[in-house]
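>>> What follows is a predicted protein model with its sequence.
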Amino acid sequence: MATSSARTRVRGACPHDCPDTCATITEVQGGRAVRFYADPEHPVTRGWLCAKVRPYLERVYSPDRLLYPLRRVGPRGAGRWERVSWDEAIGEIAARWKAIIAEYGPAAILPYSYSGTLGLLQTAITDARLWGRMGASGLERAICCAGAHAAVAATLGARHSADYADVRHSRLVLIWGHNPASTGPHFMPFLREAQKAGTYVVVIDPRRTLTARSADEHIQPRPATDAALALALIHVIFAENLHDEPWLEANSVGWRELRARAAEYPPARAAAITGVPAETIIGLARRYATTRPALLKTADGVQRHQNGGQTFRALLCLPAVVGQYGVRGGGLGYSTGGYALWDGEALGHASECQPVPRFVNMNRLGAALTGEVQNPPIKSLFVYCANPVGSSPNAGLIVEGLKRDDLFTVVHEQFLTDTADYADIVLPATSQLEHVDLHRPYGHRHLQYNHAAIPPLGECKSNWDVSRLLATAMGYSEPWLHESAEEAIRGVLDASRERIPYLQGITLERLQAEGTVPLHFTPETEVPFADLRFPTPSGKVELFSAAMAARGLDPLPHYEEPAEFAAARARGEHDGLVLISGASHHFVSSSMANQPSLQRKEGEPFVELNPADAAARGIADGTMVRVESRRGWCELRAVVTDDVPPGTAVAPKGPWAKYSRRGRNVNWTTPDALADLAGQSTFHSNMVRVRPAVEA
Ligand SMILES: Nc1nc2c(c(=O)[nH]1)N[C@H]1C(S)=C(S)[C@@H](COP(=O)(O)OP(=O)(O)OC[C@H]3O[C@@H](n4cnc5c(=O)[nH]c(N)nc54)[C@H](O)[C@@H]3O)O[C@H]1N2
Ligand SMILES: Nc1nc2c(c(=O)[nH]1)N[C@H]1C(S)=C(S)[C@@H](COP(=O)(O)OP(=O)(O)OC[C@H]3O[C@@H](n4cnc5c(=O)[nH]c(N)nc54)[C@H](O)[C@@H]3O)O[C@H]1N2
Ligand code: SF4
Ligand SMILES: [Mo]
């Protein structure tokens, strides 16, 4: 047994929404974490953490951590709180909910959560059980990647990708609408190795990102035009007879229909739409079709547009046209999240619950709270693992909704976020060092167990523990609402392993002992789709999707201008800029954006403008500008740079509103319109006007 003065090393996982899911080690002495660092032996983490998470103990021991339940005493948003006990807090929540259920039914309660952590227990299990038992409104989780997931489901059937290390087999890498140098940094050393060995790297992104700076070629399409670009590439490949016809014949459905559709996008037309010269399109098509293996590496930023679903479909067609699915170092690098799919029944016990009464799209939170959702209206909101005022679109409308006197809002958080400011009750949450969990990455293929390294700070409780307390207070006695953390994880793991070959041999005991456990692959399954069996209805790559046609959707990918851009043009407005607001380098969404050392590194919230656009508006580098859409405005520091092309502006997501000028961040401007597939968010289909700010 370790004495209290001995140092112990505890294995964990970085919980944040990042594909890398780093393996971490916490050194603990006398109940306190004294060192936190990367596992040197993990094959992807390889001994280093990103700049965001390296100073993690600052976050865990921040003086701003919430340590006790709080009840609001002043008006909403005024920041006046009194400390209450857990008994009082849980008692008040249960009493309010019972009254709401009696009057309006349980659908009047909306849980709202997303990606504060990606742990199985603190998200997927907690997300499913209590709310399913209660019959609360379901949350349509479409803020991040729903459009891409729907596109992959229709086209390939499964989100399978290789490990990062396989890029050393690629001769060409197209990094399309993805910025891994910031958003999945452990890919970069593998890419560098490949590049040194001669791999050619093309980045396709309107912005000259950190990733683009080190590419061999950077292509800058206008935002939201990638479907036209991809279809033009497909057109050139077919027109020049560079496609892999035997492969398409054997392994795909609808290649002739795709060829006909792509014929509508000759390079000249695509050039006019995308702003990419026709010769560049032709050159890229030839290079892509003649260099093997060729990897298309992408993520979710590219599909946060109104036409994002069809755009992603167009991208997914490319590897098929050149016969690259199933090839080591070729095909698609998107997500590994589809291997270890957790057993749905074990997660939520849905068969023992009433069907979910309705779903509320999380991108429509502001609208939902201010009248869009009726019968019953939303009377209570329970927010955890999310900061919608900071991170969800059309935040001004969300604040308006949260100010409703008849809305009972509970926020379970580690910090007093922009959202917590509007709560009636705030509950303190444990950090990753204080609870257990199991992590399934979306960028690599190793499960990672997270042991609790230290006891909860103050009176903090994990999501699962709060869920158990609420279940008791509501009088729900099902055993699956009251399992210990380990029992809950074990139950889901064991049930999933019965169906999922990739989990073969992976037990809770092994995970706890080894920390990192690779998923189980055979020589047949190791390279994604190497067996050329695709879990779609036809068993092939569905370039033409009958399933989409049956849902009234275009069965072939196409390009369509986002309605917001078309409407601005129709109104004769020519001074609009398309504002894209992807990941910031030093925060993960709004997580970490309250950490002073990282705020200093990231600098004041900014917007990048092309010199021509800045000059036309009388804006000098470093001055304050007002960025305004039809939904709202915020004020940001102008960075005048040719990293962005004319017509496009960039303002990264993440900064908290309350630490920003005039208490607003970029999400006061972003659209809450839904995209073409799966209710996907459309953050980047955001037409704004920018002008010098008037000094306060
Ligand atoms: N440092 C850091 N890492 C993160 C996050 C973070 O906030 N910060 N967020 C995490 C989360 S939640 C996610 S979902 C992933 C996202 O990972 P990524 O998708 O890599 O990140 P994004 O910055 O959202 O978008 C990638 C790129 O898409 C570009 N883009 C926008 N519109 C278009 C377009 O129309 N066409 C093209 N070709 N490119 C376009 C943007 O300029 C951006 O550089 O990253 C995760 N990792
Ligand atoms: N403008 C713009 N906005 C965007 C995007 C964009 O591209 N542009 N991207 C969107 C994307 S991809 C995503 S995924 C969303 C993410 O949006 P959110 O899911 O809202 O993520 P965060 O803003 O990081 O907020 C997560 C919160 O969870 C808290 N938390 C962490 N761990 C725990 C825990 O164990 N328990 C509890 N109760 N709380 C915890 C953190 O303190 C943090 O405040 O943002 C979206 N917002
Ligand atoms: S945010 Fe990503 S890169 Fe940084 S430590 Fe976490 S998993 Fe690793
Ligand atoms: Mo995301």
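Cool, the structure landed. Ligands and ions are numbered 1, 2, ... in the order given.

>>> any idea how far Ile500 is from the residue of the stretch 451-600 of the chain found nearest ligand 1?
Nearest residue of the stretch 451-600 of the chain to ligand 1 (C-beta to the nearest ligand atom) works out as Gly582 at 2.5 Å. C-betas here are computed from N, CA, C, even on glycine. Distance of Gly582 to Ile500, computed by C-beta to C-beta, to the nearest Å: 32 Å.

>>> more crowded one of those two?
Taking neighbours as other C-beta atoms under 10 Å, Gly582 and Ile500 compare with Gly582 leading, 25 against 18.

>>> excluding its backbone neighbours, what's nearest the more buried one?
Counting by C-beta to C-beta, 6 or more residues apart in numbering, Gly301 is the residue found nearest to Gly582 once chain neighbours are left out, at 4.8 Å.

>>> try Gly91
Ala473 is the one closest to Gly91 (C-beta to C-beta, 6+ apart), at 6.6 Å.

>>> Check for me that the one you found belongs to a helix.
Yes - counting by DSSP: H, G, I helix; E, B strand; the rest coil, Ala473 is part of a helix.

>>> correct me, but it touches Glu92?
No - with contact defined as C-beta atoms under 8 Å, Ala473 does not reach Glu92; the gap is 9.7 Å.

>>> how far away is the closest residue to Tyr476 other than its chain neighbours from ligand 3?
Excluding the flanking residues, the one nearest Tyr476 by C-beta to C-beta, 6+ apart is Arg133, at 5.2 Å. Arg133 sits at a distance of 32 Å from ligand 3 (criterion: C-beta to the nearest ligand atom, to the nearest Å).

>>> which SS state does Arg133 fall under?
helix.

>>> Just give me the neighbour total for it.
Residue neighbour count, defined by other C-beta under 10 Å, stands at 23 for Arg133.

>>> wait, it sits on Ser467?
No - contact criterion C-beta under 8 Å: Arg133 and Ser467 do not qualify, at 9.9 Å.

>>> Return every residue with contacts to both of those two.
Here Arg133 and Ser467 have Leu481 as joint contacts, going by C-beta atoms under 8 Å, 6 or more residues apart in numbering.

>>> gap between the nearest residue to Ala593 once chain neighbours are set aside and ligand 2?
Leaving aside its chain neighbours, Ala593 sits nearest to Phe587 (4.2 Å; criterion: C-beta to C-beta, 6+ apart). Per C-beta to the nearest ligand atom, Phe587 is found 8 Å from ligand 2.

>>> wait, isn't Phe587 in contact with Ser597?
No - counting by C-beta under 8 Å, Phe587 does not reach Ser597; the two are 11.8 Å apart.

>>> quick one, which of these two is more surrounded?
Applying other C-beta under 10 Å to Phe587 and Ser597 shows that Phe587 carries more neighbours, namely 24 against 13.

>>> If Arg32 is in a bridge, with which residues?
Residues in a beta bridge with Arg32, per DSSP bridges, are Gln29.

>>> And it, how close does it get to Ala452?
Distance from Arg32 to Ala452, counting by C-beta to C-beta: 13 Å.

>>> Likewise for Glu509?
17 Å.

>>> and the two? which has more neighbours close in?
Ala452 (20 against 9).

>>> shouldn't that one be in contact with Asp437?
No - counting by C-beta under 8 Å, Ala452 does not reach Asp437; the two are 9.0 Å apart.

>>> contacting residues for the residue nearest to Ala158 when sequence neighbours are not counted?
Distances taken as C-beta to C-beta, 6+ apart put Gly338 closest to Ala158, at 4.4 Å, once the chain neighbours are dropped. Contacts for Gly338 (C-beta under 8 Å, 6+ apart) come out as Val152, Ala158, Arg159, His160.

>>> let's see it at 7 Å
Ala158, Arg159, His160 (C-beta atoms under 7 Å, 6 or more residues apart in numbering).

>>> Looking at those, which is nearest ligand 2?
Once C-beta to the nearest ligand atom is applied, the member of the contacts of Gly338 that ends up nearest ligand 2 is Arg159, at 15.8 Å.

>>> need the contact list for that closest one.
The neighbourhood of Arg159, defined by C-beta under 7 Å, 6+ apart, consists of His149, Val152, Tyr334, Ser335, Gly337, Gly338.

>>> Could you check how many residues crowd around the closest residue to Tyr112 other than its chain neighbours?
Take Tyr112 and drop its neighbours on the chain: the residue closest to it by C-beta to C-beta, 6+ apart is Val383, 4.8 Å away. Per other C-beta under 10 Å, the neighbour tally for Val383 reads 27.

>>> what's the distance between Val383 and Tyr68?
Going from Val383 to Tyr68 by C-beta to C-beta gives 18 Å.

>>> now swap in Pro223 and tell me
Distance, Pro223 to Tyr68, using C-beta to C-beta: 45 Å.

>>> So which bits of stretch 443-463 are buried?
443-454, 456-457, 460-463 (16 or more other C-beta atoms under 10 Å).

>>> no, scratch that, I was asking about stretch 144-157
Buried-residue list, stretch 144-157, by 16+ other C-beta under 10 Å: 144-157.

>>> Tell me which of these fall in helices.
Ala146, Gly147, Ala148, His149, Ala150, Ala151, Val152, Ala153, Ala154, Thr155 (DSSP state H).

>>> so what's Val426 up against?
Contacts of Val426 (C-beta under 7 Å, 6+ apart): Leu66, Pro69, Leu70, Val411, Glu413, Leu416, Ala420.

>>> and it, what are its phi and psi?
Dihedral pair for Val426: phi -120, psi 130, per degrees, to the nearest 10.

>>> ditto for His520
Dihedral pair for His520: phi -90, psi 120, per degrees, to the nearest 10.
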